[in-house]
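1. need a 3D model of the sequence below.
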Amino acid sequence: MAISRTAHRHLDVDGVRVFYRESLPDRDDAPVLLLLHGFPSASHQFRRLIDALGDRYRLIAPDYPGFGHTQAPGDFTYSFDRLADVMEGFVQRLGLARFVMYVFDFGAPIGFRLAERHPEWIAGLVVQNGNAYSEGLSQGARDFIALRPETPGSDKAVRDLLTLSGTRAQYETGVADPGLLAPDGWTLDQHFLDLPGRKEAQVALAFDYHTNVQRYDRWQAWLRRHTPPTLIAWGTGDPFFLEQGARAYLRDVPDAELHLFDTGHFALETHLPQIAPLVAGFLDRVRT
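-> Below you'll find the predicted structure:
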């Protein structure tokens, strides 16, 4: 199997030094897949997918402000609107006019903001445990989203999730065979979380997450209006985003292709051999 060449670069966007990974396929006209990562991870969560598919497709995976190798100024305001602003500028700086968007976890609220602003960009969607429906929220997720800065103990509740044990649990919960999980993912995530200012960024985003739920109706309406080609790959053991959230997409995009896997939140960690061919076939069918 061919392994792709991958470039690791920085791009300055509105005062933010955005780090990103980009595969270098031989074809100049290779389909483009924008990979939007989740919490508490970064673009490294897509490293194996890029290796698997990057020789045939142009895969681009940025780190958001507050994540991975991206460097944001000390006065950056951490909200989902601002993360979307930076990702919008990132896409514009790269000159991407049309692409398939892979949305996972935090990547869904960021990606749907981009889709609302620029529907002409979106040739198709790959949705992997990226929720946009209230029925997809577990009780634990609802309790977390309900946290507010003024609520006693809320800051500690968020920070408890940002520990090594909390990060590891996000990878392991719901996974049928934990032996398939490499420890590198949660170890690297924790390294970035422990950098100066990173926990404060994550606390701010946690308290802002309710703004995403408030937009669910708008994103569902966008899906009904534009009906983009959609591939859904979902780990059914996800402790945050339930299987019902995956199935709910079919209400608004009835022709979406749905695949469920017996694994947790980070489905690519355990089921890359199953998911990568689905993504490749989808990119072959969708004209960018």
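2. so the nearest residue to residue 282 once chain neighbours are set aside, which state does it fall into?
-> Using Cβ to Cβ, 6 or more residues apart in numbering and skipping the chain neighbours, the partner closest in space to residue 282 is residue 231 (4.4 Å). In short, each C-beta sits where N, CA and C put it, glycine included. Assigned by DSSP: H, G, I helix; E, B strand; the rest coil, the conformation of residue 231 is strand.
3. how many neighbours does residue 271 have?
-> 20 (other Cβ atoms under 10 Å).
4. likewise the one 3 residues further on?
-> In terms of burial, residue 274 registers 14 neighbours under the definition other Cβ under 10 Å.
5. which helix or strand contains it?
-> Here residue 274, judged by DSSP states H and E, is contained in helix 267-285.
6. and that helix, what does it pack against?
-> Counting contacts by 3 or more Cβ pairs under 8 Å, 6 or more residues apart in numbering; DSSP states H and E, helix 267-285 packs against helix 47-53, strand 99-103, strand 122-127, strand 230-235, strand 257-261.
7. so for the last one, mean pLDDT?
-> It stands for strand 257-261. Confidence for strand 257-261, expressed as mean pLDDT, is 98.
8. Provide a list of residue ranges in the stretch 1-150 of the chain with pLDDT below threshold.
-> Residues of the stretch 1-150 of the chain meeting the criterion pLDDT under 70: 1-2.
9. please enumerate the strands of it.
-> 6-13, 16-23, 32-36, 58-62, 99-103, 122-127 (DSSP state E, counting those that start in this stretch).
10. just the helices from the stretch 51-200 of the chain, written as ranges.
-> Using DSSP state H, counting those that start in this stretch, the helices of the stretch 51-200 of the chain run over residues 80-94, 107-117, 139-145, 154-161, 164-172, 184-193, 198-208.
11. follow-up on the earlier one: now for the residue nearest to residue 282, how many residues are close by?
-> Using other Cβ under 10 Å, residue 231 is surrounded by 23 other residues.
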